[in-house]
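Enquirer: test case, fold it:
(chains A, B and C)
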Amino acid sequence: MRSSAIKLSSTTVSYLQVAPLLLVLLAFFGIPLLMIVGVSFFEYDGVSSVPAFQFGNYTDLFTSRITLTLYLKTLEYALIVWAITLVIGFTVSYFLAFHVRNILWQMALFLLCTVPFWTSNIIRMISWIPFLGRNGLFNQALMGLGLTQQPLEFLLFSDFAVVIAYVHLFTLFMIVPIFNAMARIDRSIVEAALDGGSSRWRIMWEIIIPLSKTGIALGSIFVITLVMGDFFVVNTMSGGHSASVALAMYNQIAAVQYPFAAASAVILLLIVTLLVAAILRLVDVRRELAG
Amino acid sequence: MIPGERHSTARGGIELAGVTKRFGETIAVKNISLRIPAGSYCCLLGPSGCGKTTILRMIAGHESPTEGDVLIDNENVTGFPPVRRGTAMMFQSYALFPHLTCVDNVAFNLKVRGVPKAERHRRAREMLARVRMETFADRLPAQLSGGQQQRIALARALITDPRVLLLDEPLSALDEFLRLQMRGELRRIQAEVGITFIHVTHTQMEAIALADMVVVMDQGRIEQAASAREVYDQPRTGYVARFMGGQNVLSGTVVARGANTLTIKSGAKEVTLTAPNAPPGEDALFEAAVRRDHIRLSRAASTSGQPGVNAVIGRVAAIEYQGTWLKITLEEACGEEFVVNVPDNIFFADPLSVGEPALAQWDAGEIHFLAAGAKASASSSALGHTEMATAGER
Amino acid sequence: MQRDLGKRPWTFYVLAAFFALFVLFLYGPMSAIFVLSFQGPTGGLTFPMNGVSLRWFSALFSQERTGDFAGGFTRSILLAIIVLALTVAISVMAGLAFRRRFFGSTAVFYLAVASLIMPGLLVGLGVGLLYQTVGVTPTWFGSALGAQLTWTLPFGLLIMFAVLSRFNRAFEEAGRDLGASNWQIFWMVVVPILFPGMIAVALFGFTLSYDEFPRTLLTVGAENTLPLEIWGMTTNVTSPALYALGTVTTLVSFTVIALALGSIAMIQRRRSRRISSRTPATDDNEGAG
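Expert: Numbers count the residues shown, from 1 in each chain, chains lettered A, B, ... in the order given. Purely as a prediction, here's the structure:
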């Protein structure tokens, strides 16, 4: 009998198997992250960055009045979008998980909700332009119905448009984790509660919401980080009337102010991390993520 | 495959020599030595977590012992991969490959050995015929019932021409009817192929019905390894007696010794028995067993009376009708539950009812003395045995 | 829920209506774009339609109007295929590794999760800075590929966790028991059984890369991918050619999704199908059915 030439311990095999993942993540996420932190201390002029260690970029950032405005605006978007996507995501998941009885229908409708995830965000975003514009479908419908004489101007290139686009793009990130959590709830618990005479509201508050908590937390993390990091939706849908932290950063990059952009990035990352940590403190999602 | 040793008629004799298996801090198997004769049907019996599956997996080569050796036909196979051991395993979940048809599942071993397709399909179909599954050759496992899947798993294991077949709880996923049917089938196939079968189960009756040799385990140790009859009729320890059922265990410390009797304190009651040849001293732990169906039961005046030698008095707590006999449970008779199996004709001649005092008597010859002492604490483990095996002892 | 079969509570209808509105909200604007991409030659960016034509689709191929559509499209497809292959290979291996606890496994897991929720623009900035510092020219098949992997790999890993949590280790042991080498077990047992899950990982790898924008923007180098071309068009193209491009790229996505989901469904159906006409002669009294 031939025997295996090399005997590898199972731990060695694990390390070899995980090595490509680790290398890619370190090279394109870990080290770049350190680069950002490092460059945030550099000096810069109009054309180039000079290696240095100084806090000028941060003091510039903290003394600028625009910074606070930007962060407040971004947080406002995040909060509004989070609230809307949570309501929609929870309602849609609840309908799919508890009201659609046929498993095939459930799968089909769930897929119907997730298919747009696999298509282009930019295309989905610009698809609102013919809808919300001055001569868009929405205004034409309103005027056709005689509800308004003048087309509504606030629809496109406004906060309203930004929020609509966010909700359109990111609600999926709420639906998928909440639906997953709800699908795991044992139907017999709900049955037993109904038999015990509990009202549907009580079941909702005492069984379904607590058991969907991890899904809600995961969805919230996704939506909040996506909104906090966005620049192209704000740029396009606000028509330049509004801005976000990431958009300001993008403009700094375009102006070759890399150290300043890096400092903004560090602060943005810290805030996002704090928000995520706060959610993780409220709900332990580790088990959920680890499968 | 393996040169030498294979020409002898019976193959698949197994020896475990001082085998210990640790998983981190817990000890699953504690210094076990065991010989299983070639060509026998052996059942490893015990509650879940007792280490029986670990032993099976060490014989199969899916686990390696922390200490000790595994020998098959006098050859030390410790560290060998499964295929060099000449063992084949039938998994509890059957582990049929869901993407392969039945015939390809069965032919898998031949395929990895490079047997050409036509040849391996021919041999796989022959093997399928042996388990009466030839008409299902082209189906996928998901299209079969549990019993049919099991036959495919059996065929897939047997096609490797093993000297030992290892079966991990093979009948646990089947319903009662199928279980009885497959039990007979397993025995038939074992007799046909003439190799050693090692079958892990937690069902006493399954072990007794199938096995030439029953190995009763608890907490990583072997409590008794003997023929089915011996394990049932002459349990070595209180644990085995309680686990196998069919016996009442009288357990307690010796409080008095007579001419040829001794009295033990069992629970709140004192029980006087005919003493063994070498009686233990006072305050020693003492355990004996009496078969439930070798006891006479009669009505008593009250539960406080003196039962005399080789007898207990208790109150009837439950009566279960079992068809040809009745299971009568007495409470307050001794330290633990005391059961008498009474033939139905005798019981119904003068039926007792629940709550009545009753006297249970037996002949001196019916007393079976147990190895007490070291395992005296087993009384607790016999009741709550599920998680015990994980509690390591140093 | 068998109790009230037939009679549904009123909440069902309210929720069903809500769901229908949500689906309309999801797909409505996209279908408007689809219709408008067939706008007549004199038509504009909004309704009404001034006739119907394919003019805006043909305009895609004339560079002066729309930029480098063909080049962007080719690069995006190629990049998506490379990302797909790497994501499947790396995620499957890593998923298998995570079935055992090893020193540092938690750290690697959190690194992946952090990479998943890191704002894309920041990944792009970091990778861009790294390339600048090292002095390597960013390319779509180098820096952009790496930046995209930081996004597709965590998704792939999470999907593999879900897939492997249902994968019984006994399959591998059975393979070993039947004499297969580790290599044979991997190719003849593990890969075929995990194949539907691997298609799902592939779907994520392809579509996430094909449509990736924020990570690619700062890392792509001189030659753009398709989403970057589209981004450029949003600011300077004011003809329905933009919608035509949207229609084309969405159709590509839909084709890939349909292929992936269709093949998963086919494999699962094949594996769980029961043949209704069973052979009575050999069915020996088994009650299952």
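
Enquirer: quick one, longest helix in the chain?
Expert: If you meant another chain, say so; for now it's chain A. Ranked by number of residues, the top helix in chain A under DSSP state H is helix A:65-94.

Enquirer: can you look at chain C instead?
Expert: helix C:241-272.

Enquirer: contacts (any at all) between chain B and that one?
Expert: Yes: shown here: helix C:241-272 in contact with chain B (CB under 8 Å from any CB of the partner chain) through C:270-272. Heads up, the C-betas are built off the backbone N, CA and C, glycines and all.

Enquirer: over to stretch C:162-181?
Expert: Yes: using CB under 8 Å from any CB, we find that stretch C:162-181 touches chain B at C:168, C:170-171, C:173-181.

Enquirer: list of residues touching the strand or helix carrying B:K111?
Expert: For B:K111, the host element (DSSP states H and E) is helix B:108-112. Residues from elsewhere that reach helix B:108-112 (CB atoms under 8 Å, 6 or more residues apart in numbering or on different chains): B:97, B:100, B:104, B:119-120, B:123-124, B:156, B:159-160, C:175, C:178-181, C:184, C:188.

Enquirer: out of the residues of helix C:241-272 next to chain B, who's the most crowded?
Expert: When neighbours are counted by other CB atoms under 10 Å in any protein chain shown, C:R271 leads these with 15 neighbours.

Enquirer: I figured it hits B:F97, correct?
Expert: No: with contacts counted by CB atoms under 8 Å, C:R271 stays clear of B:F97, the gap being 10.3 Å.

Enquirer: poorly predicted segments of the chain, please.
Expert: No chain in the question, so chain A it is. A:1-8, A:285-291 (pLDDT under 70).

Enquirer: I was after chain C.
Expert: With pLDDT under 70 as the threshold, chain C has low-confidence stretches at C:1-7, C:63-67, C:273-289.

Enquirer: nearest residue to the residue nearest the centre of it in space, please, no chain neighbours.
Expert: The centre of chain C sits closest to C:F204, judged by CA atoms, centre = their mean, with a distance of 2.7 Å. Among residues not flanking C:F204 along the chain, C:F155 sits closest, at 4.8 Å (CB to CB, 6 or more residues apart in numbering or on different chains).

Enquirer: and if you look at C:F57?
Expert: With CB to CB, 6+ apart as the criterion, C:F57 has its nearest non-adjacent residue at 4.6 Å, and that residue is C:A244.

Enquirer: that neighbour and chain A: what is the separation?
Expert: Distance of C:A244 to chain A, computed by CB to the nearest CB, to the nearest Å: 11 Å.

Enquirer: hmm, that residue is touching C:S37, no?
Expert: Yes: with contacts counted by CB under 8 Å, C:A244 reaches C:S37, the gap being 4.2 Å.

Enquirer: list residues touching both of these two?
Expert: In contact with both C:A244 and C:S37: C:56-57, using CB under 8 Å, 6+ apart.

Enquirer: show me which of the two is the more surrounded one.
Expert: C:A244 (25 against 21).

Enquirer: and that one, what is it in contact with?
Expert: For C:A244, the contacting residues are C:37, C:56-57, C:59-60, by CB under 8 Å, 6+ apart.

Enquirer: neighbour-wise, which one of those residues leads?
Expert: Sorting these by how many neighbours each has (other CB under 10 Å) puts C:W56 first, at 24 neighbours.

Enquirer: please name the nearest non-neighbouring residue to it.
Expert: By the measure of CB to CB, 6+ apart, the closest residue to C:W56 outside its immediate chain neighbours is C:A244, 3.9 Å from it.

Enquirer: all helices of the stretch 151-300 of chain B, in order?
Expert: Under the criterion DSSP state H, counting those that start in this stretch, the stretch 151-300 of chain B contains helices at B:176-193, B:204-210, B:228-233, B:238-244.

Enquirer: relative to chain A, which of the ones you listed is closest?
Expert: For these, proximity to chain A was assessed by CB to the nearest CB; helix B:176-193 is nearest, at 22.6 Å.

Enquirer: the closest one - contacts with which helices or strands?
Expert: Helices and strands touching helix B:176-193, by 3 or more CB pairs under 8 Å, 6 or more residues apart in numbering or on different chains; DSSP states H and E, are helix B:146-158, strand B:164-168, strand B:196-201, helix B:204-210.

Enquirer: now do the longest one: everything it contacts.
Expert: Helix B:146-158 is touched from outside by B:88-91, B:94-96, B:102, B:105-106, B:108-109, B:124, B:127-128, B:130-133, B:136, B:141, B:144, B:165, B:170, B:173-175, B:178, B:181-182, B:185-186, B:189, B:193, C:174, C:177-178, C:286, C:288, with contacts defined as CB under 8 Å, 6+ apart.

Enquirer: can you flag the buried ones in those residues?
Expert: Among the contacts of helix B:146-158, those scoring as buried are B:88-91, B:94-96, B:102, B:105-106, B:108-109, B:124, B:127-128, B:130-131, B:133, B:136, B:141, B:144, B:165, B:170, B:174, B:178, B:181-182, B:185-186, B:189, B:193, C:174, C:177-178, C:286 (criterion: 16 or more other CB atoms under 10 Å in any protein chain shown).

Enquirer: among the residues you listed, which are located in strands?
Expert: With DSSP state E as the criterion, strands contain B:88-90, B:165 from among the buried ones among the contacts of helix B:146-158.

Enquirer: B:I27 in helix, strand or coil?
Expert: Following DSSP: H, G, I helix; E, B strand; the rest coil, B:I27 is assigned to strand.

Enquirer: got a pLDDT number for it?
Expert: B:I27 is assigned 90 on the pLDDT scale.

Enquirer: for the stretch 151-291 of chain A, give the residue positioned nearest to chain C.
Expert: Nearest residue of the stretch 151-291 of chain A to chain C, counting by CB to the nearest CB: A:G229, 2.3 Å away.

Enquirer: report the separation between that residue and C:I230.
Expert: 20 Å (CB to CB, to the nearest Å).

Enquirer: likewise A:R184?
Expert: Applying CB to CB to A:R184 and C:I230 gives a distance of 38 Å.

Enquirer: more neighbours, those two?
Expert: With neighbours defined as other CB under 10 Å, A:R184 and C:I230 compare such that C:I230 has more, 26 against 13.

Enquirer: in a helix, that one, correct?
Expert: Yes: counting by three-state DSSP, C:I230 is located in a helix.

Enquirer: and for the closest residue to it other than its chain neighbours, the neighbour number?
Expert: With sequence-adjacent residues excluded and distances taken as CB to CB, 6+ apart, C:I230 is closest to A:I122, at 5.1 Å. By other CB under 10 Å, the residues close to A:I122 number 24.

Enquirer: report the buried residues of the helix or strand where B:A17 lies.
Expert: Element membership for B:A17 (DSSP H and E) is strand B:14-23. Buried positions in strand B:14-23, judged by neighbour count with 16+ other CB under 10 Å: B:14-17, B:19, B:21.

Enquirer: make JSON lines from the helices and strands packed on helix B:176-193 and add mean pLDDT to it.
Expert: As requested, these are exported to JSON lines (pLDDT from 0 to 100):
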{"stretch": "helix B:146-158", "mean pLDDT": "92"}
{"stretch": "strand B:164-168", "mean pLDDT": "94"}
{"stretch": "strand B:196-201", "mean pLDDT": "95"}
{"stretch": "helix B:204-210", "mean pLDDT": "91"}
